[in-house]
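A.B. asks: Give me the fold of what follows.
(one chain, ligands or ions: 1)
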Amino acid sequence: MPELPEVETVANGVDVRVRGQRIVSVWTSGKPQTFKSPETEIAEVLTGARIEHVRRVGKTVVMDLARGKKHSAQFLVHLGMTGRLLVSQRDVPLPPHTHAVLSLGDKREVRFVDPRRFGRLSVVTEAGGYAGPGVEPTTVSAEEFAGLFRGRKLAIKAALLNQSILHGVGNIYADESLCRAGIRPRKAAGRLTRVELDRLHTALQQVLAKAIELGGSSVSDYVDADGVRGFFQVEHKVYGRSGEDCLDCGSGLKKIVVGGRTTVYCPTCQR
Ligand SMILES: [Zn+2]
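C.D. replies: Sure, this is the predicted structure:
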């Protein structure tokens, strides 16, 4: 499942390739599940529109569209488990599992490919547009961040994953930021001190920024015509390392389940 840094990398990679282009026609596969808005509506909203900007909101890729000088709508791409956005020349054969093709004025195409079909495509035409369910973690202030958890009884790990509180944080970056902040994943969110919350805020923003920075160098792997998947990895201190030793103190890392998700932490470093 792509997490926030991957989605940001995809959005930025598509943006530099297609910003300013006009969508001249739209093809959709007709397969169920993929289309959250009716396919006819997606085609109608996109055809003839100009791509103003492609960016990330939460874990969704948002394409801002304009007609004339006026913002007209947004095209939302949720990548799901296996969704990819490719920018290809028109003469490159369509890969299997292509569900949408946006033909551009310069004879390239934006293609949405998704073998497992957990991805979702939709359009938003309401004024104001799509803002996502929760607060943006990469820019939230320390003050606002601390306020999000006040009085909450759920475990801090579960709170980090709750998309209506913060949007875009997934399992990897929740575990990694809790490790870097030295906080037990099961600790009640509302019982964290301001000092702990400040540490967590810093750790989360650092780990996301680092991942986005590393992702920048692999953009082409994500959105090139052949769509080879070769994404960076931030060095994980805990995620995926259960049974191994803590890189900082050598204790055995523990695996538990919090909020239904596998969670790995260091019992010595995280209190
Ligand atoms: Zn440790």
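
A.B. asks: now the helices for the stretch 1-150 of the chain?
C.D. replies: With DSSP state H, counting those that start in this stretch as the criterion, the stretch 1-150 of the chain has helices at 4-18, 39-46, 142-149.

A.B. asks: which regions of the stretch 101-250 of the chain sit below the pLDDT cut-off?
C.D. replies: With pLDDT under 70 as the threshold, the stretch 101-250 of the chain has low-confidence stretches at 215-234.

A.B. asks: what does it put close to the ion?
C.D. replies: When proximity is defined as C-beta under 5 Å from the ion, the stretch 101-250 of the chain approaches the ion at 246, 248-249. For glycine as for every other residue, the C-beta is placed from the backbone atoms N, C-alpha and C.

A.B. asks: Looking at neighbours, which among those is most surrounded?
C.D. replies: Cys246 (20 neighbours; other C-beta atoms under 10 Å).

A.B. asks: May I have the residues that are in contact with that residue?
C.D. replies: By C-beta atoms under 8 Å, 6 or more residues apart in numbering, the contact set of Cys246 is 237-238, 252-253, 266, 268-269.

A.B. asks: of all those residues, which two lie farthest apart?
C.D. replies: The span of the contacts of Cys246, defined through C-beta to C-beta, is set by Lys237 and Gly252 at 13.8 Å.

A.B. asks: who's more crowded, the two?
C.D. replies: Lys237 (20 against 13).

A.B. asks: what's the single longest helix in this structure?
C.D. replies: Determined from DSSP state H, the single longest helix within the chain is helix 194-216.

A.B. asks: what packs against that one?
C.D. replies: With contacts taken as 3 or more C-beta pairs under 8 Å, 6 or more residues apart in numbering; DSSP states H and E, helix 194-216 sits against helix 4-18, helix 142-149, helix 171-181.

A.B. asks: and those helices as JSON lines, adding mean neighbour count?
C.D. replies: Output for the helices and strands packed on helix 194-216, formatted as JSON lines (neighbours: other C-beta atoms under 10 Å):
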{"stretch": "helix 4-18", "mean neighbour count": "22"}
{"stretch": "helix 142-149", "mean neighbour count": "16"}
{"stretch": "helix 171-181", "mean neighbour count": "24"}
